[in-house]
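Engineer: heads up, no residue letters with this:
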Ligand code: HAM
């Protein structure tokens, strides 16, 4: 799109890394979000809506100063009042800030919250990686019990199976705690000593600031180098190992298939113990549809009570692309197209279309006029199941013509009986899951 601005022609388009979700794709997003709401609420989660803009400090304190996200990917700016603000790169920190600010932890011991919305990271755009992307995030706060970890993963299993998605792998790991992680870091540093030059530039920097992040590197030569590297699971303290084994035991009890991936270190610093990712082979390099884990010290570090937490975030762009490839969601079919011929019929048709919509039937009324043939052509193009035709002759006899657009059969129906008929179609469409709730009847 070009527009004239201050005497110059400018091309206006979406910002790099930020994309539009258009009709045709948006139905898949709506389906994903409706299933998430239904499944999460079954597991006792409530929705929370938080601002997209927060103080920069919230993210640097929680995600970690030396993470890629905080170091180079946040959209931060100084507000007119002088405060440093950032567009949220993730939802966990904001959800915890809201719980602390509104003293939610005082009322209940366990909190289950979910949030759906856009996040912002200034990464290099590529397939599955955007600068504005969307997450479905869930957080279970206040439970140390390994059943909480298993419950979160079981909820994810229920969500993906409701979507009808196959070929996903649940990978889990443990990052230990403040007792067992420091010695593990030392042994990683020991293993890589003398091999620094073989690592990519990013990993050389990570090695100085945040050594475990080298495990997360996607560069082949770094991955090869790490083949024989120490594994965090061999370094867990007895408590962390007990927790990890208990989580796996509960996952087996619930029949949640999973495998261990000792390379899951996650790109955010707040994790302790269980970490996990759900990956799809169909996604290429950016293969994680979901990532999450436990963070037992974060609430306290943000100024809240000493409570543990565990959660995850699903990347909606990635999930929608897998779902569209495996089983695309067709748009909701148009139930009825109302054809109007002549000024009298236009008024009558407008009223009947409104009644059909009140019942919950997806209905269009012709707004452009033209011949019967032209209006039926439009109905056909929109994929309407039925057309209701109202013209001067029909009105004179208080009847309407009803055309089955698939079979082409046309019958006449008295206008008095039309309300009843619409109610019946509404019930049929509801059985197929195709109507809005509507009123159900006139
Ligand atoms: P994360 O691994 O940074 O974790 O992001 C979770 C998911 O968001 C990823 O697995 C991916 O599907 C999607 N995602 C991340 N960055 C992008 C991007 N640039 N473009 C497209 N999709 C992306 C978190 O954000 C944690 N807050 C998850 C969590 C919640 N942990 C505990 N509670």
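Structural biologist: Nice, I can see it. For clarity, every value in this text was computed on a predicted model and none was experimentally measured.
Engineer: in this protein, what residue is nearest the ligand?
Structural biologist: Minimum separation of the chain from the ligand (CB to the nearest ligand atom) falls at residue 315, amounting to 2.2 Å. The way it works is simple: take the backbone N, C-alpha and C, and place the C-beta from them, glycine included.
Engineer: contacting residues for that residue?
Structural biologist: Listed by CB atoms under 8 Å, 6 or more residues apart in numbering, the contact partners of residue 315 are 128, 133, 134, 135, 288, 289, 290.
Engineer: so the residue lying closest to the fourth one once chain neighbours are set aside versus residue 39, what's the distance?
Structural biologist: Okay, so that is residue 135. Among residues not flanking residue 135 along the chain, residue 313 sits closest, at 4.2 Å (CB to CB, 6 or more residues apart in numbering). Residue 313 sits 15 Å away from residue 39, going by CB to CB, to the nearest Å.
Engineer: so residue 92 is in contact with residue 294, correct?
Structural biologist: No. Applying CB atoms under 8 Å as the test, residue 92 and residue 294 come out as separate, 11.5 Å apart.
Engineer: more neighbours, the two?
Structural biologist: residue 294 (29 against 25; other CB atoms under 10 Å).
Engineer: which SS state does the closest residue to residue 302 other than its chain neighbours fall under?
Structural biologist: Spatial nearest neighbour of residue 302, chain neighbours left out: residue 96 (5.5 Å); criterion: CB to CB, 6+ apart. Three-state call for residue 96 (DSSP: H, G, I helix; E, B strand; the rest coil): helix.
Engineer: list the contacts of residue 96.
Structural biologist: With CB under 8 Å, 6+ apart, residue 96 has these contacts: 62, 139, 141, 298, 299, 302, 304, 309.
Engineer: tell me, which of those residues make contact with the ligand?
Structural biologist: Among the contacts of residue 96, the residues that sit close to the ligand (CB under 6 Å from any ligand atom) are residue 139.
Engineer: ok, the contacts of residue 96 vs residue 122, which is closest?
Structural biologist: Minimum distance to residue 122 across the contacts of residue 96 is 18.4 Å, recorded for residue 62 (CB to CB).
Engineer: flag every residue of the stretch 301-442 of the chain that's near the ligand.
Structural biologist: Counting by CB under 6 Å from any ligand atom, the stretch 301-442 of the chain sits next to the ligand at 311, 312, 313, 315, 317, 318.
Engineer: now, which of the residues you listed lie within strands?
Structural biologist: 311, 312, 313, 315 (DSSP state E).
Engineer: against residue 234, how distant is the last one?
Structural biologist: It stands for residue 315. 31 Å.
Engineer: likewise residue 263?
Structural biologist: 14 Å.
Engineer: can you pull out the helices in the stretch 101-250 of the chain?
Structural biologist: 104-107, 146-163, 181-192, 201-209, 220-225, 238-253 (DSSP state H, counting those that start in this stretch).
Engineer: the stretch 151-300 of the chain against the ligand: which residues are in contact?
Structural biologist: Proximity of the stretch 151-300 of the chain to the ligand is confined to 267, 268, 288, 289, 290, 291, 292, 293 under the rule CB under 6 Å from any ligand atom.
Engineer: contacting residues around stretch 337-347?
Structural biologist: 348-350, 352-353, 356, 363-366, 369, 372, 375-376, 378-379, 382, 384, 386-392, 394-395, 405.
Engineer: quick one: buried ones out of these?
Structural biologist: 348-349, 352-353, 356, 363-366, 375-376, 378-379, 384, 386-391, 394-395, 405 (16 or more other CB atoms under 10 Å).
Engineer: ramachandran coordinates for residue 369?
Structural biologist: phi 80, psi -160 (degrees, to the nearest 10).
Engineer: how about residue 390?
Structural biologist: According to degrees, to the nearest 10, residue 390 has phi -120, psi 120.
Engineer: pretty sure it contacts residue 351?
Structural biologist: No. When contacts are counted by CB under 8 Å, residue 390 is not listed as touching residue 351 (9.9 Å).
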